[in-house]
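Asks: Pasting the sequence and the predicted model now:
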Amino acid sequence: MDGPAYTQHALYVLEERGIRKDWVERVIRNPTRVVPDPVDPELVHFLGRIIEREGRVLRVIYNSCTNPNRVIAAYFDRTMQGKL
(Lines give C-alpha, C1' and ligand atoms only; values in the text may rest on other atoms or scores of the structure.)
Protein backbone atom coordinates (compact mmCIF):
# COMPACT_ATOMS: atom_id res chain seq x y z
CA MET A 1 0.00 0.00 0.00
CA ASP A 2 1.22 3.45 -0.82
CA GLY A 3 1.11 5.74 2.15
CA PRO A 4 -1.96 7.95 2.51
CA ALA A 5 -1.95 11.67 1.87
CA TYR A 6 -2.00 13.97 4.90
CA THR A 7 -3.87 17.23 5.32
CA GLN A 8 -1.87 20.19 6.60
CA HIS A 9 -3.77 19.91 9.86
CA ALA A 10 -2.80 16.24 10.20
CA LEU A 11 0.88 17.01 9.59
CA TYR A 12 0.74 19.75 12.20
CA VAL A 13 -0.89 17.60 14.89
CA LEU A 14 1.43 14.65 14.23
CA GLU A 15 4.44 16.86 14.85
CA GLU A 16 2.81 18.63 17.80
CA ARG A 17 1.83 15.34 19.48
CA GLY A 18 4.96 13.34 18.66
CA ILE A 19 3.06 10.83 16.51
CA ARG A 20 5.06 9.08 13.81
CA LYS A 21 3.65 8.53 10.32
CA ASP A 22 4.60 4.85 10.43
CA TRP A 23 2.36 4.44 13.50
CA VAL A 24 -0.53 6.12 11.65
CA GLU A 25 -0.03 3.91 8.62
CA ARG A 26 0.26 0.77 10.78
CA VAL A 27 -3.09 1.55 12.43
CA ILE A 28 -4.71 2.19 9.04
CA ARG A 29 -3.36 -1.09 7.62
CA ASN A 30 -4.16 -3.20 10.67
CA PRO A 31 -6.72 -1.51 12.96
CA THR A 32 -8.00 -3.12 16.12
CA ARG A 33 -11.30 -1.31 15.66
CA VAL A 34 -12.90 0.75 12.87
CA VAL A 35 -15.83 3.07 13.62
CA PRO A 36 -17.73 5.53 11.44
CA ASP A 37 -17.47 9.21 12.26
CA PRO A 38 -20.57 10.30 14.22
CA VAL A 39 -20.96 13.48 12.12
CA ASP A 40 -19.35 13.08 8.69
CA PRO A 41 -20.23 9.91 6.73
CA GLU A 42 -17.08 10.27 4.60
CA LEU A 43 -14.80 9.84 7.62
CA VAL A 44 -13.73 6.66 9.35
CA HIS A 45 -11.87 6.31 12.67
CA PHE A 46 -9.18 3.64 12.85
CA LEU A 47 -8.00 2.65 16.33
CA GLY A 48 -4.98 0.63 17.33
CA ARG A 49 -2.46 0.23 20.13
CA ILE A 50 1.04 1.66 19.78
CA ILE A 51 3.41 -0.61 21.69
CA GLU A 52 6.22 1.95 21.45
CA ARG A 53 4.05 4.36 23.47
CA GLU A 54 3.17 2.03 26.36
CA GLY A 55 0.27 0.51 24.42
CA ARG A 56 -1.64 3.78 24.16
CA VAL A 57 -4.55 3.81 21.71
CA LEU A 58 -3.99 5.85 18.56
CA ARG A 59 -7.12 7.15 16.82
CA VAL A 60 -6.64 8.05 13.16
CA ILE A 61 -9.40 10.00 11.43
CA TYR A 62 -9.33 9.12 7.76
CA ASN A 63 -11.21 10.13 4.62
CA SER A 64 -11.38 7.19 2.23
CA CYS A 65 -13.75 9.02 -0.15
CA THR A 66 -11.09 11.38 -1.47
CA ASN A 67 -8.51 10.55 -4.11
CA PRO A 68 -5.95 10.13 -2.77
CA ASN A 69 -7.29 9.02 0.61
CA ARG A 70 -6.34 11.45 3.37
CA VAL A 71 -5.44 11.38 7.04
CA ILE A 72 -7.39 14.22 8.65
CA ALA A 73 -6.08 13.95 12.22
CA ALA A 74 -4.58 11.55 14.74
CA TYR A 75 -4.34 11.54 18.51
CA PHE A 76 -3.83 9.26 21.46
CA ASP A 77 -7.36 8.58 22.71
CA ARG A 78 -7.38 8.35 26.51
CA THR A 79 -11.06 7.41 26.51
CA MET A 80 -10.22 4.11 24.79
CA GLN A 81 -7.58 2.95 27.31
CA GLY A 82 -8.58 -0.47 28.55
CA LYS A 83 -11.33 -0.82 25.93
CA LEU A 84 -9.26 -2.33 23.08
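Replies: In hand now; what should we look at?
Asks: Sketch out the low-pLDDT regions of the protein for me.
Replies: 1-2 (pLDDT under 70).
Asks: at 50 instead, please
Replies: 1 (pLDDT under 50).
Asks: who's the most centrally placed residue in it bridged to?
Replies: Residue closest to the mean C-alpha point of the chain, counted by CA atoms, centre = their mean, is V60 at 1.4 Å. In this entry, V60 is beta-bridged to F46, A74, by DSSP bridges.
Asks: need the helices for this protein, in chain order.
Replies: Ranges of helices in the chain, per DSSP state H, are 8-17, 21-29.
Asks: Who are the packing partners of the first one?
Replies: Using 3 or more CB pairs under 8 Å, 6 or more residues apart in numbering; DSSP states H and E as the contact criterion, the secondary-structure elements in contact with helix 8-17 are strand 70-76. (C-beta placed from N, C-alpha, C; glycine too.)
Asks: what residues does the strand it packs on touch?
Replies: Outside strand 70-76, the residues that touch it by CB atoms under 8 Å, 6 or more residues apart in numbering are 4-7, 9-10, 13-14, 17, 19, 24, 28, 43, 50, 53, 56-63.
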